[in-house]
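J.: fold the following for me, if possible:
(one chain, ligands or ions: 1)
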Amino acid sequence: MRDEFRYWLPFLTKDVPAELTSPVDVARFELAQALPVVAADMKVELQPDGTASEFFTVRSEGDTVTISGGDVGVLYGVYRVLMALYCGEKLPSDQTQQPKYALRMVNCWDNADGDIERGYSGRSLFFDDGMFDYEPERLRMMARMMASVGLNVACINNVNVRNPAHRLIEDWLPELAEVAAIFRPFGVKLMVSIDYSQPMRHGVPTADPLDERVQNWWNEQCKLVYAAVPDLVGFLVKADSEHRPGPFTYGRNHAEGANMLARALKPHGGKLIWRCFVYNCQQDWRDQKTDRPAAAYNHYVYLDGQFEDNVILQVKNGPFDFQVREPLSPMLLAMPKTSLAIEWQLAQEYTGHQIDIYAMMGMWQEVMADLGSDTIMAMAAVSNWGDDACVYGHPFAAVNMFGYGLLCWNPDAADPEAIARTWAKLTYNFSKADEDTLVDILLESRCAYEKYTSPLGLCWMVTPHVHYGASPDGYEYTAWGTYHRASRDAVGIDRTSSGTGYADQYPAALRDRYSNLETCPDELKLWFHRLRYDYVMADGRTLIQRIYDDHFEGYDWVVAAEEKLAVLPFPEADKALIMERMSRQKKNAREWCDIVNSFFYRFSGVEDAKGRPLYI
Ligand code: GCW
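T.: Purely as a prediction, here's the structure:
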């Protein structure tokens, strides 16, 4: 049994044996080892109904608990009951639960060479050196962590499909089938990313979706794929995005492009998950009209209702790209006749690389409040896993995977504090006072990170390419459409109807909230508005003072968090890692604070009202 299991599954001591091939067998196995640890006097009976259903019912009376439901549902129920018992919660006398969304997906950005794109916790658990290479035990561990919080789809390769990853659906099908078999007993099904131009590797002279030769190639390939992995969820596609091939090359729109693949998958029950991260990444920074966040809406909304019924459009939570704070992507509210999935990024690409603490629950809650849980029909998240001993790079990054599972299960019940508290209890089982300290740090971590990096909706002040560390102008004069346009007097972009017009992509209520300076939340003020440094915020501070204050406060938070964490009774290995990461976070926060404050001081010439050091 590996150490990783201590993350939220402390009551498991044994690996799941390879011989167990059904969720019910796994459920019995987990129960047998864990029940004596969490509640030795309890009697738990399983009543699986023999279907693949995901619902479960927990009935409890005295010391007897019955978990009934579908076969996978019973497995979910077992994990939930074990977690509740471990946390000392009272079990419900009669409660049925079922997931809100049928697809609760984890997207791994793993390359065939073993590298993980935007991976901050080691190398791939699936691939190495240009081929499949995995430890079955570790994959079972991932599957088990997923099942314990109800996640049920793993896309195992990067959406940027780089040679030789296209072979996954070609000559690597036997290995793909083996991996699918490892995940299956945990109710987890696989998905793969494909290369839109893949037929061209096989003598087809084009990838035009309306060309019959292309259609035939995919139809035949899907037959082979589904013969090998009959329950493959489908394909994930990044097309016409950041130099990936796609239908635009042939003058086709994205409905034509997606539908061709969807039709090839349909006879096999497969789904086509089509990413909408499409924008002009060769913009001229002098061009003030093109506004990158507006791109996805413009590419997709007019196609609403034109997609095959097995197409799901997967849309990043914000219209830019997983920045520290973004408003909801407006296209998610504008396509009522299309199946939509939201995509989050657990990998902390722009949010601290799993070195800095950044718990995501608050962001999910905010975004879901604007979205409404019924607007979408699936969720996806870029994974934060790797082969590090700690799996998540930072032990606290595990709360994001744990919480993400609960979010997908029922977004309307995914309370940030409850998630942080349950995770903390399961992972560390501290005294109430110590648990409170840890929970507070987790819950505050996102806003703290935002404050010492790019508050008020500034975005894109990270070091280019790496995306860790401060570089306020790093993306300013580039082709990526990522500008804050700071000048001597003002900063930010007017995205209201008097500016780029982006805000008009929202339904009236949100459009008005953001367009009106008074109602636009402070956190997004510079996202939607261009403001002078002497603009007076609602609390009476000037914009420039608020920028200085946020940076100093963000740094001070890190210093205080370090002191608090230093006295918490973490297990030794965790403690060493947490404190090592913390000292890096402190250095990072100091750099950010000083660099960004100097940046604005040099423009504005305004001193800090509190006399703290600003560097020229
Ligand atoms: O922000 C960008 C990342 C890329 C990523 C891309 C995407 C997988 O920097 O590394 O590519 O987003 O989401 O497709």
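
J.: buried residues, stretch 510-525. List them.
T.: Buried residues in stretch 510-525, counted by 16 or more other Cβ atoms under 10 Å: L510, R511, R513, Y514, S515, C520, E523, L524, K525. Placement of C-beta: from N, CA and C, glycine included.

J.: for the last one, which non-adjacent residue is spatially closest?
T.: Nearest residue to K525 in three dimensions, chain neighbours excluded: L456, at 5.1 Å (Cβ to Cβ, 6 or more residues apart in numbering).

J.: tell me the one of the buried residues of stretch 510-525 nearest the ligand?
T.: Ranked by distance to the ligand (Cβ to the nearest ligand atom), the buried residues of stretch 510-525 are led by L524 at 19.8 Å.

J.: shouldn't the residue nearest to K525 be in contact with Q545?
T.: No - the criterion here is Cβ atoms under 8 Å, and L456 misses it with Q545 at 11.9 Å.

J.: ok, the two, which is more surrounded?
T.: L456 (24 against 19; other Cβ atoms under 10 Å).

J.: quick check, pLDDT for the more buried one.
T.: Confidence at L456, expressed as pLDDT, is 98.

J.: tell me where the stretch 451-600 of the chain has strands.
T.: For the stretch 451-600 of the chain, strands defined by DSSP state E, counting those that start in this stretch occupy the ranges 490-491, 531-532.

J.: sorry, wrong one. I was asking about the stretch 1-150 of the chain.
T.: 43-48, 56-61, 64-69, 94-97, 103-107, 127-128, 131-132.

J.: winner for burial among the ones you listed?
T.: Across the strands of the stretch 1-150 of the chain, averaging neighbours per residue (mean count of other Cβ atoms under 10 Å) puts strand 103-107 on top, at a mean of 26.

J.: and it, what does it pack onto?
T.: Counting contacts by 3 or more Cβ pairs under 8 Å, 6 or more residues apart in numbering; DSSP states H and E, strand 103-107 packs against strand 153-155, strand 340-345, strand 378-382, helix 398-409.

J.: can I get those in a markdown table including mean pLDDT?
T.: Formatted as a markdown table, these follow (pLDDT from 0 to 100):
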| stretch | mean pLDDT |
| --- | --- |
| strand 153-155 | 98 |
| strand 340-345 | 99 |
| strand 378-382 | 99 |
| helix 398-409 | 98 |
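
J.: as TSV, those with distance to Q33 and mean neighbour count would be great.
T.: Listed next are those as TSV, based on distance: least, Cβ to Cβ, whole Å; neighbours: other Cβ atoms under 10 Å:
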stretch	distance to Q33	mean neighbour count
strand 153-155	24	25
strand 340-345	32	23
strand 378-382	29	25
helix 398-409	20	26
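
J.: distance to the ligand added to these, as JSON lines?
T.: Conversion of the helices and strands packed on strand 103-107 to JSON lines gives the following (distance: least, Cβ to the nearest ligand atom, whole Å):
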{"stretch": "strand 153-155", "distance to the ligand": "12"}
{"stretch": "strand 340-345", "distance to the ligand": "8"}
{"stretch": "strand 378-382", "distance to the ligand": "7"}
{"stretch": "helix 398-409", "distance to the ligand": "17"}
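
J.: would you turn those into CSV with distance to E54?
T.: Below are the helices and strands packed on strand 103-107 laid out as CSV (distance: least, Cβ to Cβ, whole Å):
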stretch, distance to E54
strand 153-155, 12
strand 340-345, 17
strand 378-382, 14
helix 398-409, 9
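
J.: now do the contacts for D608.
T.: Q545, Y548, F552, N597, Y601, L614 (Cβ atoms under 8 Å, 6 or more residues apart in numbering).

J.: quick check, the residue in the stretch 201-350 of the chain closest to the ligand?
T.: Closest contact between the stretch 201-350 of the chain and the ligand, by Cβ to the nearest ligand atom, is at D321 (4.3 Å).

J.: for this protein, which residues are neighbours of the ligand?
T.: Neighbours of the ligand within the chain, by Cβ under 6 Å from any ligand atom: W109, E117, R118, V159, N160, K238, S241, F277, D321.

J.: repeat that for 5 Å
T.: Proximity of the chain to the ligand (Cβ under 5 Å from any ligand atom) is limited to residues E117, R118, N160, D321.

J.: can you turn the buried part of these into a PyMOL selection?
T.: Remark: buried members of these, expressed as a PyMOL selection using 16+ other Cβ under 10 Å:
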select buried, resi 118+160+321
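
J.: quick one: which of the residues of the chain next to the ligand is nearest P10?
T.: R118 (29.2 Å; Cβ to Cβ).

J.: how far away is the closest one from W344?
T.: When distance is defined by Cβ to Cβ, to the nearest Å, R118 is 13 Å away from W344.

J.: touching both of the two, which residues are there?
T.: Common contacts of R118 and W344, defined by Cβ under 8 Å, 6+ apart, comprise V382.

J.: for the protein, longest helix please?
T.: Counting residues, the longest helix found in the chain (DSSP state H) is helix 572-604.

J.: let me see the ranges of the helices in the stretch 351-500 of the chain.
T.: Assigned by DSSP state H, counting those that start in this stretch, the stretch 351-500 of the chain shows helices spanning 361-371, 398-409, 416-428, 432-452.
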